[in-house]
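Undergrad: Just need the structure, nothing else, for what follows:
(4 chains)
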Number of protein chains: 2
Amino acid sequence: MEVYTVITEKQKKTARYAKAMGHPVRLYVLQLLSEQSCCYSGDLSEVLPIAKSTLSQHLKELKDAGLIQGEIEAPKIKYCINKENWNEARLLLGDIIK
Amino acid sequence: MEVYTVITEKQKKTARYAKAMGHPVRLYVLQLLSEQSCCYSGDLSEVLPIAKSTLSQHLKELKDAGLIQGEIEAPKIKYCINKENWNEARLLLGDIIK
DNA sequence: AATATAGTTCGTATTTTTGCGAACAACGAA
DNA sequence: TTCGTTGTTCGCAAAAATACGAACTATATT
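TA: Numbering: from 1, shown residues only, chains lettered A, B, ... in the order given. The predicted structure follows:
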């Protein structure tokens, strides 16, 4: 059963993407990856003033939101934008700020 | 004293706006106000499945983020977009999703 | 002055987020 | 196989977000 609401699924999805972007560290990572195709967690860890475990959590959140994806390149992990979802997020947010 | 970080003030500001947009209720209100110039809290309260006090909190957050403003029109309060900041938010977010 | 309306603030509870260090897992190199 | 590198997961703590109902404030109406 669904509680009645005027809020659409599209708006919920948009809000989820916006929420994922709503932290400086995550926004930094997203912006970097939208510009330079890929990076390693270690690269980020060197420049960001947070613990590795904290960074890992933020990366996980971006992954859970669907905005990035990781590919094993042992012993590192290469992170890139999830193009499909990133494009969706851009469209959805673009519709809000149009 | 400022801890060193590669994260810019611009990114922090963008993240703050994104965070304010990161909830379905707040996104709904923003989208409504970006389309129809103004509304009253009561209008929102009628259609949104949340308590009035909860709505009031969300409106306060949007106000604190600078995205909307309220004008007393007793006994109601007329809410509108804060055009200056909304435009700033659009520019900042537009820069991310460009 | 009493009442009705509109909305905020207060008090509280629950959940989620943010963050850290220690421990762990996976893999390549020596 | 032992060691180093890379990054995640675990356990914990503190802070912030979300939500509600009750109480309150302010104003207009009767």
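Undergrad: Name the helix or strand for the spatially most central residue of chain A, please.
TA: By Cα atoms, centre = their mean, chain A has its centre lying nearest to residue A:62, at 3.4 Å. For residue A:62, the enclosing helix or strand under DSSP states H and E is helix A:52-64.
Undergrad: For the helix or strand following that helix, buried residues please.
TA: Under the assignment DSSP H and E, the closest C-terminal helix or strand after helix A:52-64 is strand A:68-73. Using 16 or more other Cβ atoms under 10 Å in any protein chain shown as the test for burial, strand A:68-73 gives A:68, A:69, A:70. For the C-beta atoms, the positions are set from N, CA and C on the backbone; glycine is no exception.
Undergrad: Closest to residue A:98 out of those residues?
TA: residue A:68 (25.0 Å; Cβ to Cβ).
Undergrad: what about the helix holding residue A:62, near chain B?
TA: No: applying Cβ under 8 Å from any Cβ of the partner chain, one finds helix A:52-64 out of contact with chain B, separated by at least 11.6 Å.
Undergrad: Stretch A:20-36 now?
TA: Yes: using Cβ under 8 Å from any Cβ, stretch A:20-36 comes into contact with chain B via A:20, A:21, A:22, A:23, A:24, A:25, A:26, A:27, A:28, A:30, A:31, A:34.
Undergrad: and what of stretch A:71-82?
TA: No: Stretch A:71-82 is not in contact with chain B by Cβ under 8 Å from any Cβ; minimum separation 11.7 Å.
Undergrad: Thanks again, I'm all set now.
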